[in-house]
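Novice: Structural data only, the sequence is not supplied:
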């Protein structure tokens, strides 16, 4: 996938998080560098200075740019000459650290890639949005599932009117890895995800339901109106939800649902979405991402395949790297989010105006939208699934 860039060099990346025992930090580094448009040159890989330094060789970081804290990274990189300092900082930490790191990076003039959910709570998200608007930073939220070619194909088909008016959106994200209390045994990924101080007010819904909700928003463009949600914690002693269902009313009259679980036996990362329109319906599964099912009454079902032919739109084509029949998956989709952000970074470097809201990559407004969704779902559940507003002027 060759994309022209006004910059005649690789972009320089700094990674916050991703130290020994982490998962998502390594994914960020691979995705950013997959298309040879960026290189990882600096990092603060752990909240522990000792662990941060010890993790540096895993990423081939030079000792002088393996920082003991994110604050040291931002401070020292800001003072480097323009031809040495990093271009963007990727935030791959637990949720509680997102706000401070992303805010400092944006205020220092760096582009930011931030893992989801955007922040620990909604007030932080709204404050971060103000910072991004003030600094005009390129800000990417890594809702990586929007990077799949056939998700982008679905978006083109829906927004192009092929499904007619959208009546219903059903999104699911089902896992089983927290069926038992792994957090009580010291499992790192389970520990922070089930800790309100590090994860926020929601567990399962903050961690993965946000992806399902965002997927529906990305593909359909529908504006949510109200939500009714019921969250439950099935594992005794767990502090946050591990299962939940939300019903969404959209402004156009459509209905949506988001169901999410981390306690369903045998389920891994089963994210899927179904969309019903007046002219047709779509279905896409993340665990089989190279197929998109399109149905119309009275006609044979159609299967769109990634790289499958001229029937695919421009968005799907641009997100594809290999010929048809060669599977592409999670890392490639994640890389497509990075690539879309790189285009904005390059445009800004060339002095061109950049779009803040209407971007192909998930942006800070999408991040606020996700935090608003989490906040209102938790509040609704506490009020016996009361209908609450999803309107938030900050993310419109």
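Specialist: Noted; the coordinates are in hand. On a predicted model such as this, the values are computed, not experimentally measured, just so you know.
Novice: buried sites along stretch 264-282?
Specialist: Buried residues in stretch 264-282, counted by 16 or more other Cβ atoms under 10 Å: 264, 267, 270-277, 280-282. The C-beta positions use only the backbone N, C-alpha and C, and glycine is treated the same way.
Novice: nearest to residue 98, of those residues?
Specialist: Comparing the buried residues of stretch 264-282 against residue 98 with Cβ to Cβ places residue 271 closest, at 21.5 Å.
Novice: Skipping its backbone neighbours, what lies nearest that closest one in space?
Specialist: residue 286 (3.9 Å; Cβ to Cβ, 6 or more residues apart in numbering).
Novice: Which phi and psi values does the one you found adopt?
Specialist: phi -70, psi -30 (degrees, to the nearest 10).
Novice: Pull the number of nearby residues for it.
Specialist: For residue 286, the neighbour count with other Cβ atoms under 10 Å is 22.
Novice: host element of the closest residue to residue 202 other than its chain neighbours?
Specialist: Spatial nearest neighbour of residue 202, chain neighbours left out: residue 374 (5.0 Å); criterion: Cβ to Cβ, 6+ apart. Residue 374 is part of helix 364-382, with elements assigned from DSSP states H and E.
Novice: With residue 52 as the reference, measure out to residue 261.
Specialist: 34 Å (Cβ to Cβ, to the nearest Å).
Novice: farthest residue from the center of the chain?
Specialist: Using Cα atoms, centre = their mean, the residue of the chain lying farthest from its centre is residue 298. It sits 37.0 Å away.
Novice: can you give me the offset of the strand or helix carrying residue 112 from its chain's centre?
Specialist: In this assignment (DSSP H and E), residue 112 forms part of strand 111-114. Centroid separation for strand 111-114 versus its chain: 12 Å, with Cα atoms, centre = their mean, to the nearest Å.
Novice: Direction included, what does it pair up with?
Specialist: strand 88-92 (parallel), strand 139-141 (parallel) (DSSP bridges).
Novice: Next up, the contacts around the closest residue to residue 88 other than its chain neighbours.
Specialist: Spatial nearest neighbour of residue 88, chain neighbours left out: residue 111 (3.8 Å); criterion: Cβ to Cβ, 6+ apart. Contacts of residue 111 were listed using Cβ atoms under 8 Å, 6 or more residues apart in numbering, and they are 87, 88, 89, 137, 138, 139, 140, 341, 344, 345, 348.
Novice: That concludes my questions; thank you for your assistance.
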